[in-house]
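Student: model this:
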Amino acid sequence: MRFLRQSLVGVFLAFVTLGLLLVAAQMISGAVQDVLNRETAPPSARERVFAVTVRTAEPETVTPYLEAFGQVQSRRRLELRAALGGRVVSLSEDFEDGGSVTAGELLVELDPADAQSALDRAKSDLLDAQFEERDAERSLLLAQDELRSAEAQAELRERALQRQQDLQSRGVGAAASVEEAELAATSAQQAVLSSRIALAQAESRVDQATTLLSRARIALDGAERDLDDMTIHARFAGTLTEVTLVEGRLVSANEKLAELVDPSALEVAFRVSTAQYVRLLDDDGELIDAPVTVSLEVTGADLTARGRISRDSGSAGEGQTGRLVYARLDDAPGFKPGDFVTVTVEEQPLDNVVRLPSSVLDATGSVLVLGADDRLEPLPVQLVRRQGDEVLLRGEGLEGREVVIGRTPLLGSGVRVRPLRLEANADAVPDMVELTEEQRARLVAQVEASSRMPQAVKDRVLGQLSEASVPAALVQRLESRAGG
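Tutor: Predicted coordinates for the structure are as follows:
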């Protein structure tokens, strides 16, 4: 029985195998017949359609801007120099680099001994000059009295001479008496002349005394100024820089001791090209009072300040091109003279221009617009201005047309596309990220440890880091500063 059962199983498996082989042979034969009977006609070609992003060209009034790099400087700077030489005997506690001083504060005091002695000598000379003036005035009065007396005596002698001459003419006088009267009259006239000479000398002495007194007063004023110059005061409230002085040092005349800068009167100087400068002129050729924005990138945030253009340089500068323009800053907390900043200037508004991404324009000055049957057409345009990643365009027939954004070499005239329409005024939402507790703690510690970041900026950055979602740009900037 066992032999019979195994034999039947073997026969069954053999029949199953044979059946499977027959089925496989039939499938192969059918496939071969299908290949042989298939038509060899070439497939029909289909036109390729590209998906493109388009935006409707809408004319508008745009206020363009130009960007330049400039340097912050103070409009009020004062060099502290020693008018006279001497030894430094006293310095203000704020007389150091970066020290803040108030208007009228005593900063430096030099040894005043020599200046005080000169002042005392000038006062003594003034007293001598005043005494000489009084003595000269008294001498003048005496000379005037003496002259009047001599003139009166001369008048008497003259009358006596006339009387003797009358007596002689009547025959009762002697010739000797007449001669004696003539000699007396002549002597009186000589006395008058001597008195006049003495009066002139007295007047000359008064004039000399007046001149001497004036010189003494001038010398006294000079001595007082020299004594005042032994102390240096702050002309205005500001910050000291370039301090090179220590107490006890012997300084020479006109030596620079420090520089006083007013941090509240800041301006920015930036250079623009001649073409950009022309765009900042009005119809009369005068520089417009355009608003400017100054920005300084610091760790984690940007310092910004606003101002207005005030003037331009009188010359282009030796070896320079373009124009140097100055703008006064209204309120610039955190900025210091010498900062290298980015300046954005608002130009005059442009009417009837289309603002589009710069990728719409090709090298030939044309754009691709959507035509009939969704096919592309080239349209020549005029490039008015480039603004970062955008361009301002004008062109005949551009208004209302759908312009292709993000051109590729595969796109050209006559190509059929599938338009993906983009709103012209679509607002971009800044990317926000969520931080882990470890990342948040690390960034907060980095901001708190920063010594270059002002406290107001620190508070604002820490406030942003405390939110659930943090701007990705802020995180990227902090990580780049940390080398992460």
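Student: Report the beta-bridge partners for the spatially most central residue of the chain.
Tutor: Among the residues of the chain, the one closest to the centroid is Val268, at 1.7 Å (C-alpha atoms, centre = their mean). Beta-bridge partners recorded for Val268 (DSSP bridges): Val72, Ala327.
Student: Quick check: next helix or strand after the helix or strand harbouring Gln446?
Tutor: Gln446 is located in helix 437-449, with elements delineated by DSSP states H and E. Moving toward the C-terminus from helix 437-449, the next helix or strand (DSSP H and E) is helix 455-465.
Student: Name the surrounding residues that touch that next one.
Tutor: By C-beta atoms under 8 Å, 6 or more residues apart in numbering, the residues outside helix 455-465 that reach it are 298, 300-301, 303, 333-334, 435, 440, 443-444, 447-448, 450, 453, 470-471, 474. For glycine as for every other residue, the C-beta is placed from the backbone atoms N, C-alpha and C.
Student: Quote the end-to-end distance of stretch 307-323.
Tutor: 19 Å (C-alpha to C-alpha, to the nearest Å).
Student: What mean pLDDT does that stretch get?
Tutor: Mean pLDDT, computed over stretch 307-323, is 85.
Student: What residues sit buried inside that stretch?
Tutor: 307, 309, 312, 322-323 (16 or more other C-beta atoms under 10 Å).
Student: returning to what we had before: so what's the residue nearest to the centre of the chain up against?
Tutor: 70-73, 292, 294, 307, 326-327, 329, 341, 343.
Student: export the residues you listed to CSV and tack on distance to Arg157?
Tutor: As requested, the contacts of Val268 are arranged in CSV below (distance: C-beta to C-beta, whole Å):
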residue, distance to Arg157
Gly70, 95
Gln71, 93
Val72, 92
Gln73, 87
Val292, 96
Val294, 97
Gly307, 92
Tyr326, 87
Ala327, 91
Leu329, 91
Val341, 98
Val343, 97
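Student: Show me which of the residues you listed is closest to Ala275.
Tutor: Val343 (16.6 Å; C-beta to C-beta).
Student: Quick check: the closest one vs Asp135, distance?
Tutor: Separation of Val343 from Asp135 (C-beta to C-beta, to the nearest Å): 72 Å.
Student: More neighbours: those two, which one.
Tutor: Taking neighbours as other C-beta atoms under 10 Å, Val343 and Asp135 compare with Val343 leading, 25 against 13.
Student: And the helix or strand hosting that one, what's buried?
Tutor: Taking DSSP H and E as the criterion, Val343 maps to strand 340-346. Using 16+ other C-beta under 10 Å as the test for burial, strand 340-346 gives 341-343, 345-346.
Student: Quick check: of those residues, which lies closest to Phe12?
Tutor: Distances from Phe12 to the buried residues of strand 340-346, taken by C-beta to C-beta, are shortest for Thr342, at 91.1 Å.
Student: and the residue nearest to that closest one when sequence neighbours are not counted, what does it touch?
Tutor: Excluding the flanking residues, the one nearest Thr342 by C-beta to C-beta, 6 or more residues apart in numbering is Ser295, at 5.0 Å. Contact analysis of Ser295 by C-beta under 8 Å, 6+ apart lists 302-304, 341-342, 344.
Student: Kindly recompute the last result at 7 Å.
Tutor: By C-beta atoms under 7 Å, 6 or more residues apart in numbering, the contact list for Ser295 reads 302-304, 341-342.
Student: how far away is it from Gly414?
Tutor: 46 Å.
Student: got it, and Ala209?
Tutor: Applying C-beta to C-beta, the value for Ala209 to Gly414 is 109 Å.
Student: out of these two, which sits in the more crowded spot?
Tutor: Between Ala209 and Gly414, counting by other C-beta under 10 Å, Ala209 is the more crowded of the two (21 against 9).
Student: A helix includes the more buried one, no?
Tutor: Yes. Judged by DSSP: H, G, I helix; E, B strand; the rest coil, Ala209 forms part of a helix.
Student: shouldn't it be in contact with Glu132?
Tutor: Yes. Ala209 lies in contact with Glu132 (C-beta atoms under 7 Å); the separation is 4.6 Å.
Student: Can you report how many residues lie near Ala265?
Tutor: Applying other C-beta under 10 Å, I find that Ala265 has 16 neighbouring residues.
Student: phi, psi of it?
Tutor: phi -120, psi 80 (degrees, to the nearest 10).
Student: and it, what is it in contact with?
Tutor: 74-76.
Student: Ranking by neighbours, what's the top pick from the residues you listed?
Tutor: Ser74 (21 neighbours).
Student: That one against Pro337, yeah?
Tutor: Yes. If you go by C-beta under 7 Å, Ser74 and Pro337 touch, sitting 4.8 Å apart.
Student: Give me the common contacts of these two.
Tutor: Taking C-beta under 7 Å, 6+ apart as the contact rule, Ser74 and Pro337 both touch Val261.
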